[in-house]
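Student: Structure here, sequence nowhere to be found:
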Ligand SMILES: Nc1nc2c(ncn2[C@@H]2O[C@H](COP(=O)(O)OP(=O)(O)OP(=O)(O)O)[C@@H](O)[C@H]2O)c(=O)[nH]1
Ligand SMILES: [Mg+2]
């Protein structure tokens, strides 16, 4: 099924950030983990979000309005990319931090992308701890499942499940094959649709 997505806003600088009135779910994770690829996969389009094998491709905050959810998916710049300048890394982390500050009320949750081939990384743990401390719901998604060995995926799935203690079990996903996207849609609907019942 192809879902309709529209790129509505791109933000490069702190002073462009403002509280947004509409509901949103952010997509966060280390650089190159597959955030933009997941947006394209969910949208059923190849070139909606720019992707590249070179890390650091997404340098702005991009809002995609998802018509069927009546909410935005927000593609955040990746963190932890060692090869760009310290100044640039600091700029991105400030941008992401401010994004959460300004949009806390309307952010219904965060899809945290984690590489299914790697054990939990320090920066991933920092992000999940930061979000949990704020009571922000997390949809944990282990990416690139098509590239990971069976034992590797199983082990990392179990580790993340124990670490996060989240009501949502981590989802194994591949933007290449589309595996796991059904479960991601289901989690998004659960997070977004019962807004009026929850508040
Ligand atoms: N095999 C495979 N490759 C993937 C998958 N997801 C992403 N990739 C590849 O990983 C690379 C990075 O993907 P992006 O989607 O640009 O990653 P990103 O997290 O948006 O990266 P930044 O914008 O730098 O933060 C690209 O070469 C993608 O083709 C996947 O599920 N399977
Ligand atoms: Mg990207």
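Tutor: Great, that's in hand. Small disclaimer: the values here were computed from a predicted structure and weren't measured. Numbering: from 1, shown residues only. Ligands and ions are numbered 1, 2, ... in the order given.
Student: what about the helices in this protein?
Tutor: 35-43, 86-103, 122-133, 150-164, 181-192, 195-198 (DSSP state H).
Student: Nearest to ligand 2, out of the ones you listed?
Tutor: helix 35-43 (3.3 Å; CB to the ion). Placement of C-beta: from N, CA and C, glycine included.
Student: For the closest one, enumerate the helices and strands it packs against.
Tutor: strand 5-11, strand 24-29, strand 61-66, strand 71-75, strand 107-115, strand 138-143, helix 181-192 (3 or more CB pairs under 8 Å, 6 or more residues apart in numbering; DSSP states H and E).
Student: if we go to 6 Å?
Tutor: If contacts are counted by 3 or more CB pairs under 6 Å, 6 or more residues apart in numbering; DSSP states H and E, helix 35-43 sits against strand 71-75.
Student: which residues are in contact with the strand it packs on?
Tutor: With CB atoms under 6 Å, 6 or more residues apart in numbering as the test, strand 71-75 has contacts from 22-27, 35-36, 39, 49, 58, 62-66, 192.
Student: Show the overlap between these and what lies near ligand 2.
Tutor: With CB under 5 Å from the ion as the criterion, the contacts of strand 71-75 include 35, 36, 58 near ligand 2.
Student: out of these, which is most surrounded?
Tutor: Tallying neighbours with other CB atoms under 10 Å puts residue 35 at the head of the ones next to ligand 2 among the contacts of strand 71-75, with 30 neighbours.
Student: who are the neighbours in contact with that one?
Tutor: Residues near residue 35 by CB under 6 Å, 6+ apart: 27, 29, 75, 113.
Student: Assess the claim that the first one and residue 111 are in contact.
Tutor: Just to be clear, that refers to residue 27. Yes: counting by CB atoms under 6 Å, residue 27 does reach residue 111; the two are 4.7 Å apart.
Student: Which ones among the contacts of residue 35 also lie next to ligand 1?
Tutor: Restricting the contacts of residue 35 to those within reach of ligand 1 (CB under 6 Å from any ligand atom) leaves residue 29.
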